[in-house]
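Undergrad: below is the structure, and that's it, no one-letter string:
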């Protein structure tokens, strides 16, 4: 590979534009946390006898529907095809990322079954530590960032570890399922896989691919891997019988998949504009939302000792402080130059036009691009996804769970408000590029 020289790299963005994109990435990360936290609520159905594998498979089916229909609705499939023509190699990376996600998502459901939602969430959010490592090693993140930003990231990481350890101790000593350590291992394993999954994410966005395009092919890896896992783990006939038995709650699980995709899209924009070493911790504010859903809506810690409450809440607050320290360590102009070096490397390696890479790096459309438009196919995809969900809604029943509906409604409204505000900001600043 030819030597990289900063001389051939365009200068960093002007200060105003750079600050705007950084704030947009931070806002996207926090919005992602709200929706990713809400998406895990339907996995509580594991407590009424549905297996983790069946739950994960149904959720991935909902994810599959959303990952095609939402991009078609927002920009149109013509934008997806244009991105693939410029960077076809990213289709393989997207498939790989989808496979990693499917395995990790299945592990999280085992973790929820064994240690509960409010405890499992912060443990699998160890993916932020893996993301920081990969961001530094592979994509020049935190290079020439200055000692204050290094201190923020390293200090925040240390606090994240301490908070996670507190939660692990709480779950191991207080959980009554008999499988606490299995649940802890499953949550931590999911964290490792999700942290590694962000390597394809960052490669895609340094190269210029739109997040809406990347997730479209991501979902084939998800569905293919999850289908394989379900057949191998359960067997075809038992799996079919289990899906038939779960007919009344399929709608809720597929809806959870839709909600997860919305959160993941905002997470993708966070990774694009502030990098994976910062974007992942920001979206990991989902631990706070998971804690709220677990305690306020499902009453997970009801009847536990005061010590357990102190350990779980204290550990979560510590992890939030760590996330805040990392979020405050925004990228400087010098570090952004190193990001551009990594982007140029990807452009050279895969033959992607440099003007396209740089335009997308700055959140704008390249001069050579044709403005995307929606076609009849796009509206048919949206109609198909809506019809499938509506059909399963007609067979849905209210799950036999102890649910507090007022807190659930309040959390849902807060998440919806964040989505509207952040989507509006994304459109005004980048037109979703």
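TA: Yep, that arrived. On a predicted model such as this, the values are computed, not experimentally measured, just so you know.

Undergrad: so what's the gap between the host helix or strand of residue 279 and the chain middle?
TA: Here residue 279, judged by DSSP states H and E, is contained in helix 276-283. On the basis of C-alpha atoms, centre = their mean, to the nearest Å, the separation between the geometric centre of helix 276-283 and that of its chain is 10 Å.

Undergrad: list the buried residues of it.
TA: Neighbour-count burial for helix 276-283, counted by 16 or more other C-beta atoms under 10 Å, picks out 276-283. Every C-beta, even on glycine, is put in place using the N, C-alpha and C of the backbone.

Undergrad: which of the residues you listed has the weakest pLDDT?
TA: In terms of pLDDT, the weakest of those is residue 277, which scores 77.

Undergrad: ok, that one to residue 297 distance?
TA: 32 Å (C-beta to C-beta, to the nearest Å).

Undergrad: which residue is nearest the centroid of the chain?
TA: residue 264 (3.8 Å; C-alpha atoms, centre = their mean).

Undergrad: helices and strands around the helix or strand harbouring it, which ones?
TA: Taking DSSP H and E as the definition, one finds residue 264 inside helix 250-274. Applying 3 or more C-beta pairs under 8 Å, 6 or more residues apart in numbering; DSSP states H and E, one finds that helix 250-274 contacts helix 15-39, helix 52-74, helix 180-207, helix 211-234, helix 276-283, helix 376-394, helix 405-430.

Undergrad: neighbours of the nearest residue to residue 230 once chain neighbours are set aside, how many?
TA: Leaving aside its sequence neighbours, residue 230 sits nearest to residue 57 (C-beta to C-beta, 6 or more residues apart in numbering; 4.6 Å). Per other C-beta atoms under 10 Å, the neighbour tally for residue 57 reads 26.

Undergrad: from residue 408, how far out is the residue nearest to the centre of the chain?
TA: 21 Å.

Undergrad: same check on residue 192?
TA: 31 Å.

Undergrad: now swap in residue 42 and tell me
TA: Residue 42 is 12 Å from residue 408, by C-beta to C-beta.

Undergrad: with residue 351 instead?
TA: Applying C-beta to C-beta to residue 351 and residue 408 gives a distance of 50 Å.

Undergrad: which of these two has more neighbours?
TA: The residue with more neighbours, out of residue 351 and residue 408, is residue 408; 16 against 9, by other C-beta under 10 Å.

Undergrad: just confirm that one contacts residue 297, I think it does.
TA: Yes. Here residue 408 reaches residue 297: they are 4.7 Å apart, a contact under C-beta atoms under 8 Å.

Undergrad: who touches both of these two?
TA: residue 41 (C-beta atoms under 8 Å, 6 or more residues apart in numbering).

Undergrad: what's the pLDDT at residue 308?
TA: 76.

Undergrad: touching, it and residue 300? I think so.
TA: No. In this structure, residue 308 is not within contact of residue 300 by C-beta under 8 Å, at 10.4 Å.

Undergrad: so between these two, which is more surrounded?
TA: Counted by other C-beta under 10 Å, residue 308 and residue 300 do not tie: residue 300 has more neighbours, with 21 against 17.

Undergrad: from the contact counts, what lies against the helix or strand where residue 335 lies?
TA: With secondary structure defined by DSSP H and E, residue 335 is part of helix 333-350. With contacts taken as 3+ C-beta pairs under 8 Å, 6+ apart, helix 333-350 sits against helix 15-39, helix 127-139, helix 180-207, helix 354-361.

Undergrad: so which of the helices and strands packed on helix 250-274 is the most surrounded?
TA: Most buried of the helices and strands packed on helix 250-274 by mean neighbour count (mean count of other C-beta atoms under 10 Å) is helix 276-283; its value is a mean of 30.

Undergrad: what does that one contact?
TA: So helix 276-283 is contacted by 25-26, 28-30, 32-33, 36, 127-128, 131-132, 134-136, 139, 141-142, 153, 156, 160, 195, 198, 201-202, 263, 266-267, 270-274, 322-323, 326-327, 329-331 (C-beta under 8 Å, 6+ apart).

Undergrad: one more pass at 6 Å, please.
TA: With C-beta atoms under 6 Å, 6 or more residues apart in numbering as the test, helix 276-283 has contacts from 29, 32-33, 128, 131-132, 135, 141, 198, 202, 267, 270-271, 323, 326-327.

Undergrad: taking their axis directions, it and helix 250-274 sit at what angle?
TA: If you take axes from the mean of the first three to the mean of the last three C-alpha atoms, to 10 degrees, helix 276-283 sits at 140 degrees to helix 250-274.

Undergrad: helix 276-283 to helix 15-39, inter-axis angle?
TA: Using the same axes, to 10 degrees, helix 276-283 lies at 50 degrees relative to helix 15-39.

Undergrad: next structured bit after helix 276-283?
TA: Following helix 276-283 toward the C-terminus (DSSP H and E): helix 286-292.

Undergrad: mind checking how far the next helix or strand after that following helix is from the chain centre?
TA: Using DSSP H and E, the helix or strand that follows helix 286-292 in sequence is helix 306-328. Centre-to-centre, helix 306-328 and its host chain are 20 Å apart (C-alpha atoms, centre = their mean).

Undergrad: re the thing from before, contact partners of the helix holding residue 264?
TA: 21, 24-25, 28-29, 31-32, 35-36, 38-39, 42, 55, 58-59, 61-63, 66-67, 201, 205, 211, 279, 282-283, 392-393, 396.
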